[in-house]
Every structure is written in C-alpha cells, then in structure tokens.
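Trainee: heads up, no residue letters with this:
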C-alpha cells in the first residue's frame with residue numbers, strides 16, 4: 001500500500017519487486033524441490049494496483065468476495081439438524097479440538113495451511129477480536145464429550161465500528177468435517193447464529209469467501225441473503241521447483 005500523497009514515484013513498483021525477489025530467495029533456501037506460488041491480494045476497484053501486478057508479470061488466478069448481511073432485514077429460515085447432531089456454544093475446553101477440526105475441514109482448500117497451537121492463538125481464538133460468546137459448534141451426538149462435527153467462529157473489529165458506525169459480527173471460519181458434510185450443519189449454524197448476532201446488538205454480519213470454493217459456500221451465503229460488497233483478485237507468480 002502506498003499513501004495517496006506519494007503515489008506515482010515508483011515506490012509501489014520498488015516494494016513489490018523487493019518482495020517478489022525475497023520470496024524467491026526464501027523458496028530457494030527452504031523448499032527448492034517444490035514449486036512455489038507467490039500471491040498478492042488486490043481489491044478490484046484499485047485499478048493502479050492491478051496494473052502494477054500486471055506489469056510485474058503476475059497473472060489473475062483467483063477471486064474472493066467480501067459479503068455482508070443486514071441483520072435487521074429479518075431472520076434466516078430455521079434449519080433443524082438431523083439427530084444426533086446438535087448446536088452448542090463455543091467452550092474454551094474445546095479450543096484445541098476446534099483447531100484440529102479446522103485443519104481437517106480446510107485441508108484441501110485453496111491457500112489454506114495447517115495451524116499449530118501458536119498460530120491458532122495468534123490469529124484465531126487467541127485474537128483480541130475473537131468473540132467466544134458469539135461462536136458456535138455442532139457436536140456429533142448428545143453426549144457432553146461428543147466430538148465437534150462443525151464450527152462457526154466470530155470476530156468483532158472495533159475499528160470497523162469506528163469507521164462505519166455499525167457493529168459487524170464477522171464470521172471468520174465456518175467449517176464442517178468431511179464425515180458430517182451433506183447434513184446441513186453449515187446452514188444450521190448460520191441460521192442459528194444470525195438471529196443471535198442481532199439479539200446481541202450487531203447490525204451486520206460479514207464474511208469472506210473464495211468464489212471458486214468447491215463446497216458450495218458462495219451459494220449458501222447468497223441463499224441466506226449475504227451480498228457482495230467488495231471483490232479481491234489474487235495475482236500470482238509461480239516459481240518452479242529446482243531439479
């Protein structure tokens with residue numbers, strides 16, 4: 001990002017070039033036997049940044065959407081889970097189990113990497129923006145120790161409220177383990193969470209989604225009333241493996 005008052009001086013081109021060179025050096029030092037993908041996310045309305053990516057030889061590979069739902073517009077249709085699945089609130093005693101469930105649920109997702117306890121604490125449930133009281137789990141049975149089948153983790157960013165005047169419940173992660181897919185767990189979690197967000201004083205709910213997500217997530221969000229507010233393109237360069 002370059003401050004508007006300093007654009008047009010080649011600063012962005014210099015920074016991007018240094019980043020790409022450094023990334024190639026790291027690849028050569030750490031994982032030379034595997035190809036690498038260098039990626040930069042650019043908002044589609046930022047046409048100068050897109051032109052910079054193109055001039056650096058990167059290509060458009062993937063599109064992501066920021067989506068929002070006005071919680072005051074009405075409730076999502078109720079979705080009941082087939083027995084023995086059931087929805088409960090997030091509990092800290094389940095935190096590491098949710099981390100491991102996330103690693104399984106997102107194992108085959110584009111751009112996803114496995115999260116160890118340290119990164120999970122830094123960026124997920126350990127983040128100061130995480131809201132445990134607004135997060136939910138689907139358990140696989142009626143027993144108190146039944147395993148986690150699906151999860152929905154929620155975040156609140158006070159900087160967004162300061163900028164917009166509205167409270168947004170951001171759904172950071174929504175995942176279902178492969179064994180429990182096809183039973184409506186994700187839909188039921190959303191149908192449960194959205195009215196709960198409104199009752200907790202949120203004005204909006206938001207999320208990010210890969211437009212090419214093979215799980216059908218985009219269609220699910222659209223059916224529940226989420227609309228695209230911004231789109232982001234992943235501009236990428238592939239660094240080949242070293243023979």
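Mentor: Sure thing, it's come through. These numbers were taken from a predicted model, which means no experiment stands behind them.
Trainee: can you pull out the helices in this structure?
Mentor: For the chain, helices defined by DSSP state H occupy the ranges 11-30, 47-55, 95-105, 117-123, 158-164, 185-199, 217-223.
Trainee: which of those sits most buried?
Mentor: helix 185-199 (a mean of 20; mean count of other C-beta atoms under 10 Å). (C-beta placed from N, C-alpha, C; glycine too.)
Trainee: dump the residue contacts of residue 83.
Mentor: Contacts for residue 83 (C-beta atoms under 8 Å, 6 or more residues apart in numbering) come out as none.
Trainee: I should have written residue 106 there, sorry.
Mentor: 112, 175.
Trainee: so it versus residue 132, what's the distance?
Mentor: 20 Å (C-beta to C-beta, to the nearest Å).
Trainee: for residue 80, give me its contacts.
Mentor: So residue 80 contacts residue 188 (C-beta under 8 Å, 6+ apart).
Trainee: can you check the pLDDT for it?
Mentor: With respect to pLDDT, residue 80 scores 86.
Trainee: would you turn the helices of the chain into TSV with distance to residue 152 and mean pLDDT?
Mentor: Shown next, in TSV, are these (distance: least, C-beta to C-beta, whole Å; pLDDT from 0 to 100):
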stretch	distance to residue 152	mean pLDDT
helix 11-30	33	96
helix 47-55	32	94
helix 95-105	10	98
helix 117-123	16	97
helix 158-164	19	96
helix 185-199	4	95
helix 217-223	12	91
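Trainee: and of those helices, who's closest to residue 138?
Mentor: Among these, helix 185-199 comes nearest to residue 138, with 4.8 Å by C-beta to C-beta.
Trainee: remind me what that closest one packs against, helices and strands.
Mentor: Secondary-structure packing of helix 185-199 (3 or more C-beta pairs under 8 Å, 6 or more residues apart in numbering; DSSP states H and E): strand 86-89, strand 136-139, strand 148-155, strand 168-176, strand 204-210, helix 217-223.
Trainee: the ones you listed: lowest mean pLDDT?
Mentor: In terms of average pLDDT, helix 217-223 trails the rest of those, at a mean of 91.
Trainee: residues in contact with it?
Mentor: By C-beta under 8 Å, 6+ apart, the residues outside helix 217-223 that reach it are 65, 67, 174, 186, 187, 190, 207, 209, 210, 211.
Trainee: mind running it again at 6 Å?
Mentor: With contact meaning C-beta atoms under 6 Å, 6 or more residues apart in numbering, helix 217-223 is reached by 67, 209.
Trainee: just the pLDDT at residue 216, thanks.
Mentor: Confidence score, pLDDT, at residue 216: 81.
Trainee: distance of it from residue 224?
Mentor: In this view, residue 216 and residue 224 are 12 Å apart by C-beta to C-beta.
Trainee: related to what we said a few turns ago, please name whichever of the helices of the chain is nearest to residue 78.
Mentor: Across the helices of the chain, closest to residue 78 is helix 185-199 (C-beta to C-beta), at 5.8 Å.
Trainee: got the angle for that closest one vs strand 148-155?
Mentor: 30 degrees (axes from the mean of the first three to the mean of the last three C-alpha atoms, to 10 degrees).
Trainee: how far does helix 185-199 sit from the chain's center?
Mentor: 17 Å (C-alpha atoms, centre = their mean, to the nearest Å).
Trainee: circling back: need the helices of the chain in TSV (columns: distance to residue 237).
Mentor: Below are the helices of the chain laid out as TSV (distance: least, C-beta to C-beta, whole Å):
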stretch	distance to residue 237
helix 11-30	7
helix 47-55	9
helix 95-105	27
helix 117-123	25
helix 158-164	31
helix 185-199	33
helix 217-223	26
